[in-house]
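Chemist: here's my sequence, what's the structure:
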Amino acid sequence: MKKIIIIMAAGVMLLTSCAKHDFFDEDTITGKVGPEAYWEVGSAVVSAGGNMDFSAQYYSSADKIDHSEVWYDVEETLDKIVTCPWTATFTYTLSSNTTQQKRVSQLIQEYAHTEDLWSDSLHAYLLEGTFPVSGTLAPFEWKQPIQFDSAKMVQYFGDTYMQEFKDAVHQKMKYADYRKMYVGMGKLDDFMQFTDSTEDKNQGEGVYVYHFPKNAQGE
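Modeler: Residues are numbered from 1 along each chain as shown. The predicted model follows:
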């Protein structure tokens, strides 16, 4: 008699059968008959290197079941969000999201099949267990670092990302934004020198040209 293997692909729910199976349909359908399986995993969030709980129901009236297997692939999702906290008149955010497959689907763990797993109430074999979660891609977070690291900025966002962000912010900044930025850096004196008005004698004695409009300075 041919043996079959129940394969469960982690991360998805296989809804190929009901809780109560239709034996009449399975015994009368023409063509090859395959096993039916239903399974669900536990918490959607599990730390790298931990274990994921699952519960599975399966059966087949056509072939002898040899064992069950769990397979999964690994995908890495990166959420990148950069904001400028030193602006007063607007909020600028630059974000991106990317997902990349880091490992193809492969066998993770096998489970022996025994008749002890049979459930009369479910009319199926009930398997409850765990499987290991990959520890090779542990999650990381770089959020509001105390000290800015330019090397990490390039590593996580690319060579041109920071300059593009600065250029986009600079085009929107007004007097209040520059003042908040310099105050935030503890350089208010430098800001006052930077924003001082300049006398334009070409227009006459006592005529000053402001680097920012007077109404923007609250004068």
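Chemist: show me what contacts the residue nearest in space to the middle of the chain?
Modeler: Residue closest to the mean C-alpha point of the chain, counted by Cα atoms, centre = their mean, is T77 at 4.2 Å. Contacts for T77 (Cβ atoms under 8 Å, 6 or more residues apart in numbering) come out as N97, T98, T99. Using the backbone N, CA and C atoms, a C-beta is placed for each residue, glycine as well.
Chemist: now list the buried members of the residues you listed.
Modeler: Among the contacts of T77, none is buried by neighbour count (16 or more other Cβ atoms under 10 Å).
Chemist: any chance of those in CSV, plus distance to M185, pLDDT and secondary structure?
Modeler: Output for the contacts of T77, formatted as CSV (distance: Cβ to Cβ, whole Å; pLDDT from 0 to 100; DSSP: H, G, I helix; E, B strand; the rest coil):
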residue, distance to M185, pLDDT, secondary structure
N97, 31, 83, strand
T98, 32, 84, strand
T99, 36, 87, strand
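Chemist: and the helix or strand where the residue nearest to the centre of the chain lies, C-alpha only, in PDB?
Modeler: Per DSSP states H and E, T77 falls inside strand 64-83. Taking C-alpha atoms only, strand 64-83 is exported to PDB below (Å, rounded to 0.1, in the frame of the first residue of the first chain):
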ATOM      1  CA  LYS A  64      -1.700   4.900   4.700                       C
ATOM      2  CA  ILE A  65      -0.300   8.000   6.300                       C
ATOM      3  CA  ASP A  66       3.400   7.700   7.100                       C
ATOM      4  CA  HIS A  67       4.200  11.000   8.900                       C
ATOM      5  CA  SER A  68       3.500  14.800   8.900                       C
ATOM      6  CA  GLU A  69       5.900  17.600   8.000                       C
ATOM      7  CA  VAL A  70       6.100  21.300   8.500                       C
ATOM      8  CA  TRP A  71       7.800  23.500   5.800                       C
ATOM      9  CA  TYR A  72       8.300  27.200   5.600                       C
ATOM     10  CA  ASP A  73      10.300  29.900   3.800                       C
ATOM     11  CA  VAL A  74      11.700  33.100   5.400                       C
ATOM     12  CA  GLU A  75      10.800  36.600   4.300                       C
ATOM     13  CA  GLU A  76      12.300  39.800   5.600                       C
ATOM     14  CA  THR A  77      10.200  42.900   5.800                       C
ATOM     15  CA  LEU A  78      11.900  46.300   6.400                       C
ATOM     16  CA  ASP A  79       9.900  49.300   7.400                       C
ATOM     17  CA  LYS A  80      11.900  52.500   7.000                       C
ATOM     18  CA  ILE A  81      10.500  55.800   8.400                       C
ATOM     19  CA  VAL A  82      12.500  59.000   8.800                       C
ATOM     20  CA  THR A  83      11.000  62.100  10.300                       C
END
